[in-house]
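Enquirer: Here is my input, please return the structure:
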Amino acid sequence: MAGHSSNSKKNNGIVKLKLVVEKVQRSLLKGKKWAPEVDELNESNDSTDVPSDVKEGHFAVIAVNDDEVKRFVIPLTCLSHPLFLKLLDQAAEEYGFDREGVLTLPCRPSDLERILLEEK
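Expert: All right, here's what the predicted structure looks like:
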């Protein structure tokens, strides 16, 4: 029985990860760059423009913790980092999958910086 429960949790986690990755891909394909609630960070009002600092193989995210907000350009390789995947799961739980714009992560910017340093 314990093995079945473990497989079920693992499959559930894989399904959630797949949904988050699909959300990131849709967002990237649409060229969306900002979430409406952080619109004050916009450099332009054209939502089809991809910012020049978001190079191929990267995507933009915003780390939000209370009043601390910071934008990051993340390499796609982070999508396999266990701590980043945990942040994606938290984002899915907190914000859902139907949000428009940039991916918003509910974490301190310093936490995301640590994950990025580990990826290098």
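
Enquirer: Which residue ranges of the protein form strands?
Expert: Along the chain, counting by DSSP state E, strands occupy 58-65, 68-75, 103-105.

Enquirer: Tell me which of those sits most buried.
Expert: strand 103-105 (a mean of 22; mean count of other C-beta atoms under 10 Å). Using the backbone N, CA and C atoms, a C-beta is placed for each residue, glycine as well.

Enquirer: Indicate which one of the strands of the chain is closest to Leu112.
Expert: The closest of the strands of the chain to Leu112 is strand 58-65. By C-beta to C-beta, the value is 4.6 Å.

Enquirer: So which of the strands of the chain is nearest Val50?
Expert: Between Val50 and the strands of the chain, the tightest spacing by C-beta to C-beta is seen for strand 58-65, at 8.6 Å.

Enquirer: what angle separates that closest one from strand 68-75?
Expert: Between strand 58-65 and strand 68-75, the angle comes out at 160 degrees (axes from the mean of the first three to the mean of the last three C-alpha atoms, to 10 degrees).
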